[in-house]
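Participant: output the structure for:
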Amino acid sequence: MKRVIKIVLIVALIALVAIQFIRPEKNSGGYENVTLFETETKPSAKVAAILKENCYDCHSDQTVYPWYAEIAPMSFWLDDHIEHGKKHFNVSAWNDYTLKKKEHKLEELVEMVEEGEMPLESYTILHGDISEAEKKLLLQWAGVARLQYKQQLEVSSNQ
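Facilitator: Down below sits the predicted model:
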């Protein structure tokens, strides 16, 4: 029995070392990828800082990777989170969204923050949560930005 456990542990160690050579592709975009989003939605300096510190890592092409992103299997777990986040809301792709989709994405942002689903608990454990005051600022900004898109949609539908 001890021999089997020893063999299993050796195989697991070899597998762990081997997967270190398999690297997920990383985001390579810089902060300029979010410029259009910020230009259109006009966040205050405080809101822009909240977005940069808490949202852009998973919801843009601008990701600041922590040191543990170099270690498998954490690198795969982070890559999955980032890809999932960008699939649902990607500020780097803001230019590709229609007015209706932009308004809807901001609606989803409001819902997720209000319900405490964003930021994810796995993110807040490692990076800290946003304060209630920061949530309030974020929600106010998103509400105003969303209203802007709703008004543009109404104007375009009346023409």
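Participant: what about Trp40, is that helix, strand or coil?
Facilitator: That one is not Trp; residue 40 is Glu. Following DSSP: H, G, I helix; E, B strand; the rest coil, we place Glu40 in the helix state.
Participant: test my guess that it contacts Asn95.
Facilitator: No. Using CB atoms under 8 Å, Glu40 is not in contact with Asn95, being 9.0 Å away. Yep, even glycine has a C-beta here, placed from its N, CA and C like the rest.
Participant: list the residues that contact the residue lying closest to Pro43 once chain neighbours are set aside.
Facilitator: Spatial nearest neighbour of Pro43, excluding adjacent residues (CB to CB, 6 or more residues apart in numbering): Trp141 at 5.2 Å. Applying CB atoms under 8 Å, 6 or more residues apart in numbering, we find Trp141 in contact with Thr41, Pro43, Ser44, Val47.
Participant: how far is the helix or strand hosting Trp141 from where the chain is centred?
Facilitator: Assigned by DSSP states H and E, Trp141 belongs to helix 132-158. Helix 132-158 has its C-alpha centroid displaced from the chain centroid by 20 Å (CA atoms, centre = their mean, to the nearest Å).
Participant: cool, and stretch 149-159?
Facilitator: With CA atoms, centre = their mean as the basis, stretch 149-159 stands 29 Å off its chain's centre.
Participant: what's that stretch in contact with?
Facilitator: For stretch 149-159, using CB under 8 Å, 6+ apart, the contacting residues are Leu99, Lys100, Lys102, Glu103, Leu106.
Participant: if we can go back for a sec, out of the contacts of Trp141, which end up buried?
Facilitator: Buried members of the contacts of Trp141, counted by 16 or more other CB atoms under 10 Å: Thr41, Pro43, Val47.
Participant: now those residues in TSV, with pLDDT?
Facilitator: Formatted as TSV, the buried ones among the contacts of Trp141 follow (pLDDT from 0 to 100):
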residue	pLDDT
Thr41	95
Pro43	96
Val47	96
